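**Q** Sequence first, then the predicted structure, then my questions.
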Amino acid sequence: MKRSSSMLILFLFLLIIIPCDHAIESPQYTVALLATDFEIRHYRNSTWMSAALQGTSFEKSTQEGFHRLYRFIRGENLNSSEIDMTSPIVTGIAQSSQGSFRSYWVSFYLPAKFQGVPPQPDPELNLKLDEQKAHCVAVRKFAGFARDDNIDGEMEALVASLDNYTSGRIAMDDKNEFAVAQYNASHHLSGRLNEIWLDVGTPVADKCQP
Ligand SMILES: *[C@@H]1O[C@H](CO)[C@@H](O)[C@H](O)[C@H]1NC(C)=O
Ligand SMILES: *[C@@H]1O[C@H](CO)[C@@H](O)[C@H](O)[C@H]1NC(C)=O
Ligand SMILES: *[C@@H]1O[C@H](CO)[C@@H](O)[C@H](O)[C@H]1NC(C)=O
Ligand SMILES: *[C@@H]1O[C@H](CO)[C@@H](O)[C@H](O)[C@H]1NC(C)=O
């Protein structure tokens, strides 16, 4: 039952994503710094819908969170509004002090049409509106599938790049908190794009200074 319902979701997700790949909206940013193996982006303020989870698995949490968000965008909201798919789907991860247990929040960027006044999700979906202020994000791209066994390594590589580039000067708010952005539907086996996002502060005078 669980498996077949997640296959159905995947299938529907593909149906939405394939025909209008060109029209998919994403959060807006400008590139403040472009280095060989990372970049720093300045994201504008934006509104997201978010599903919070506790657990040990990034993959499982992302799937469960996406499931709840998917029901919301398919109309399980107080206005019965259908909401266009956007990308990426972003999974935030906060490491707890006790071993492998982590907090996750899976987030969906609301299309421009709903940025100001999103429909209220059905309460049983337990979603929260996430209004993000403008912020600076260090980004490392990686290919393939984002998995439990590769995201920590990608995150460490990003931190190493930042340390090297700025000789440790950069203000990393909290290395125990980062996010994984996934841009492609699961059926794309090659040409996949994922990113590690690490918050590196708020813009000063509307600029992200590396
Ligand atoms: C973003 O900033 C603009 C201008 O300050 C403001 O009007 C808008 O409400 C903000 N949006 C969010 C999601 O915070
Ligand atoms: C949702 O419905 C309410 C009441 O009918 C309306 O005031 C509001 O504008 C609608 N919101 C959206 C996002 O459509
Ligand atoms: C460290 O940064 C310098 C530029 O500041 C770059 O040339 C070099 O390749 C970097 N080394 C590593 C290991 O990233
Ligand atoms: C994956 O998403 C990225 C970013 O939207 C896009 O450039 C790339 O073409 C996509 N890959 C596939 C196989 O569709």
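**A** Noted; the coordinates are in hand. Ligands and ions are numbered 1, 2, ... in the order given.
**Q** From Val137, how far out is the residue nearest the centre of the chain?
**A** The chain has Val90 as the residue nearest its centroid, 1.1 Å off, counting by Cα atoms, centre = their mean. From Val90 across to Val137, the span is 10 Å (Cβ to Cβ, to the nearest Å). From N, CA and C alone the C-beta is placed, and that goes for glycine too.
**Q** can you list residues touching both of these two?
**A** Counting by Cβ atoms under 8 Å, 6 or more residues apart in numbering, the contacts common to Val90 and Val137 are Trp197.
**Q** Please give me every residue in contact with the residue nearest to the centre of the chain.
**A** 48, 106-107, 109, 179-182, 197.
**Q** Strands - which of these land there?
**A** 48, 106-107, 109, 179-182, 197 (DSSP state E).
**Q** nearest to ligand 3, of these?
**A** Of all these, ligand 3 sits closest to Trp197, with 19.1 Å by Cβ to the nearest ligand atom.
**Q** Next, find the distance separating the nearest residue to the closest one once chain neighbours are set aside from Lys113.
**A** Closest residue to Trp197 apart from its sequence neighbours, by Cβ to Cβ, 6 or more residues apart in numbering: Ala179 at 4.2 Å. Applying Cβ to Cβ, the value for Ala179 to Lys113 is 24 Å.
**Q** For the residue nearest to the centre of the chain, pull up the helix or strand it's in.
**A** strand 89-95 (DSSP states H and E).
**Q** Would you mind listing the buried residues in stretch 121-133?
**A** The neighbour-count check on stretch 121-133 (16 or more other Cβ atoms under 10 Å) flags 121-122, 125, 127, 130, 132 as buried.
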